[in-house]
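Engineer: Let's see this in three dimensions:
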Amino acid sequence: MNIKRKIIQLFGLLVLFQSFAASAKLEIVITDGIDSARPIAILPFKWEGSAGQKPDNLSEVISSDLMRSGKFKPLDVSQMPETPYSVSDINFSEWTKLGVDALVTGTVGFDATKQRYVINYQLVDIVRGQLTNGQAKSLSSDGELVLSQDYVLLNKRMTATSAQMRAVAHRISNRIYEQLTGEKGAFETRIAYVVVKDGDSYPYQLRVSDYDGFNEKLVLSSRQPLMSPSWSPDGKQLAYVSFQNNKAEIYIMDIYTGKREKVTSYPRHNGAPKFSPDGKKLALVLSKTGNLQVYTLDIATKRLTQITNSRSNNTEPFWYPDGKSLIFTSDRGGKPQIYNVDLATNATKRLTWEGSQNLGGQITPDGRFIVMVNRSQSGFNLAKLDLETNSMQILTHTQLDESPSISPNGGMVIYSSIYNQTNVLSMVSIDGRFKARLPATNGRVRAPAWSPFL
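Structural biologist: Numbers count the residues shown, from 1 in each chain. The predicted structure follows:
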């Protein structure tokens, strides 16, 4: 199947999307990998308020975040041997018996004067606390040995309004994740995706939500299909493909003001927009001269530069993190495979060789891996190519996987797959060990795009 025919089929599939209610949220269901993750205890935060309404349980959001990262296995509350809200009250040996090497405890109060919640929390290294029996010593500024609590990795205080509490929980998750892994957390990020509400006057919808599906917002609706959302590096804009004028055109939209700008409307196909790392250009695909070709567009000047020029179809461009090269999908070898092109020299190199087809490539933020859709005897699944070793790893075994999008910390991939004969969003960790599903309660949801850090 050539790429042009595949694109036409994707357009047809998009029209068949089923609707789902505006209030529906994506609920992440863990499907594999949690047993091999690192045990951690997130105690229920203690409510100390005498005024104000008790907020939703912060610890539940934090536990869910850390579990969804694929790296942690939060202990169930029913399995906790104690609930210490002071570091000095922790019985380290009781937690080490359960294999827990890190613990989070905290309190929530309410400042009636400022009408804000006050959150205090601590992240404790259980292993270090056990080794020192909670009595670690360190040198003071004048060279004397003094008791310390260097096993307390985080001891923070935050304030927030009621509307900010969920965001605060994500921020705490980020800090815990970074402290324990050395990597930046991606829990304050967002996803964009396309849904359809059949029967509506404007059935095609572009929506944005928190990474976990909460705080969903409709940013655009249309009578005609919408496709291929792509985030700007500052997280304020989306580039996308619209058929509102009965042909494929590329727009850029400010998701906060709703202001839209049409950036390409060439004859035939305009598609697959991707912002450059500096946000000044778009990589995109046009067929104004015949076959599908990759171009770059200077957003400010509208200067168009043709990158590929072959008799084959070339599509799905994606930028290297340094902005100096692109990967793209081409059928120049007979079937779709992924190639690299140097933007300064136009030197082109084929990157994928395993599997009958490889397409839809995305590069991890560190430039180490390419995540793509790989076709083999088992079907279309996500795979990861190590650019240093050229080794390929199959990441998923779901059905008809497509449209991978990598989290900005490179730890997780969100993609579209088939579950119970319907399109759903799924997640997989970059090492393939952890898998989750984000089923929409009504209808189909596809074309996910993970935002940058916000």
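Engineer: Identify the bridge partners of the spatially closest residue to S63 that is not a sequence neighbour.
Structural biologist: Taking CB to CB, 6 or more residues apart in numbering, and ignoring the residues beside it in sequence, S63 has P74 as its nearest neighbour in space, at 4.0 Å. In this view, the C-beta of every residue, glycine as well, is placed from N, C-alpha and C. Per DSSP bridges, the residues bridged to P74 are I40.
Engineer: Contacts only, for P74.
Structural biologist: Taking CB atoms under 8 Å, 6 or more residues apart in numbering as the criterion, P74 is in contact with 40-42, 63, 66-67.
Engineer: which among those gets closest to I126?
Structural biologist: Taking CB to CB as the measure, I126 sits nearest to A41 out of the contacts of P74, at 8.0 Å.
Engineer: got the contact list for the closest one?
Structural biologist: 74-75, 80, 95, 98, 100, 102-104, 126.
Engineer: ok, of those, which one's closest to L238?
Structural biologist: Of all those, P74 has the smallest distance to L238: 33.0 Å, by CB to CB.
Engineer: Distance-wise, check the closest one relative to L131.
Structural biologist: Applying CB to CB, to the nearest Å, one obtains 23 Å for the distance of P74 from L131.
Engineer: can you check Q377 too?
Structural biologist: Relative to L131, Q377 is positioned 51 Å away (CB to CB).
Engineer: Have a look at these two and say which one is more surrounded.
Structural biologist: More crowded of Q377 and L131, by other CB atoms under 10 Å: L131, with 13 against 6.
Engineer: Quickly note the distance from that one to Q115.
Structural biologist: When CB to CB is the yardstick, L131 and Q115 sit 43 Å from each other.
Engineer: Please report phi then psi for Q164.
Structural biologist: Here the main-chain torsion angles of Q164 (degrees, to the nearest 10) amount to phi -90, psi 0.
Engineer: Apart from its neighbours in sequence, what residue is nearest the residue positioned nearest the centre of the chain?
Structural biologist: Nearest residue to the geometric centre of the chain (CA atoms, centre = their mean): S407, 3.5 Å. Once its chain neighbours are removed from consideration, S407 has its nearest residue in A186; the separation is 4.4 Å (CB to CB, 6+ apart).
Engineer: How many neighbouring residues does the one you found have?
Structural biologist: Counted with other CB under 10 Å, residues neighbouring A186 total 26.
Engineer: could we number from 40 for the rest of this?
Structural biologist: Right, with 40 as the first residue, what we last looked at is A225.
Engineer: Three-state assignment for it, please.
Structural biologist: Secondary structure state of A225, per DSSP: H, G, I helix; E, B strand; the rest coil, is coil.
Engineer: That one and R107: what is the separation?
Structural biologist: When A225 is compared with R107 (using CB to CB), they lie 10 Å apart.
Engineer: can you check G406 too?
Structural biologist: G406 sits at a distance of 25 Å from R107 (criterion: CB to CB).
Engineer: neighbour count winner among those two?
Structural biologist: Taking other CB under 10 Å, G406 and R107 do not tie; R107 has more neighbours (23 against 14).
Engineer: hang on, the earlier thing: intersection of neighbour lists for A225 and R107?
Structural biologist: The overlap between the contact sets of A225 and R107 (CB under 8 Å, 6+ apart) consists of M451.
Engineer: hey, which helix or strand in the protein has the poorest pLDDT?
Structural biologist: Lowest on mean pLDDT, DSSP states H and E among the helices and strands of the chain sits helix 42-54, with a mean of 39.
Engineer: Based on its surroundings, how many neighbours for N159?
Structural biologist: The tally of other residues near N159 (other CB under 10 Å) stands at 17.
Engineer: Please apply the same query to L493.
Structural biologist: Residue crowding around L493 was assessed by other CB under 10 Å; the count is 14.
Engineer: per-residue confidence at it?
Structural biologist: As predicted, L493 sits at a pLDDT of 89.
Engineer: In contact with the nearest residue to it once chain neighbours are set aside, which residues?
Structural biologist: Nearest residue to L493, sequence neighbours excluded (CB to CB, 6+ apart): G274, at 4.7 Å. G274 is in contact with 229, 490-493, counting by CB under 8 Å, 6+ apart.
Engineer: Can you add secondary structure and give these back as CSV?
Structural biologist: What follows is these, written out as CSV (three-state DSSP):
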residue, secondary structure
R229, strand
S490, coil
P491, coil
F492, coil
L493, coil
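Engineer: Save the residues you listed as TSV, and put in distance to V380 too.
Structural biologist: Putting the contacts of G274 into TSV (distance: CB to CB, whole Å) gives the following:
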residue	distance to V380
R229	30
S490	26
P491	23
F492	27
L493	30
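Engineer: Any regions of the stretch 140-289 of the chain where pLDDT drops low?
Structural biologist: With pLDDT under 70 as the threshold, the stretch 140-289 of the chain has low-confidence stretches at 172-187.
Engineer: Please, where are all the helices along it?
Structural biologist: Counting by DSSP state H, counting those that start in this stretch, the stretch 140-289 of the chain has these helices, from start to end: 165-171, 204-220.
Engineer: Domain ranges for the chain, per the record?
Structural biologist: According to the TED database, the chain is divided into the following domains: 75-220, 229-489.
Engineer: looking at these, which is buried most?
Structural biologist: When neighbours are counted by mean count of other CB atoms under 10 Å, the highest per-stretch mean among those falls to domain 229-489, a mean of 19.
Engineer: which ones are touching the closest residue to T403 other than its chain neighbours?
Structural biologist: In this structure, T403 finds its nearest non-sequential neighbour in G449, 4.2 Å apart by CB to CB, 6+ apart. By CB under 8 Å, 6+ apart, the contact list for G449 reads 222, 403-405, 407-408, 469.
Engineer: Now with 10 Å, please.
Structural biologist: Under the criterion of CB atoms under 10 Å, 6 or more residues apart in numbering, the contact partners of G449 comprise 222-223, 225, 402-408, 410, 469.
Engineer: do you know how far it is from N284?
Structural biologist: Taken as CB to CB, the span from G449 to N284 is 37 Å.
Engineer: Could you do Y243 as well?
Structural biologist: Counting by CB to CB, the separation of Y243 from N284 is 14 Å.
Engineer: joint contacts of those two?
Structural biologist: Shared contacts of Y243 and N284, defined by CB under 10 Å, 6+ apart, are found at Q263.
Engineer: hang on, D370 packs against S395?
Structural biologist: No: in this structure D370 lies outside contact range of S395 using CB atoms under 10 Å: 11.7 Å.
Engineer: what sits in contact with each of the two?
Structural biologist: Among the neighbours of D370, those also in contact with S395 (CB under 10 Å, 6+ apart) are Q376.
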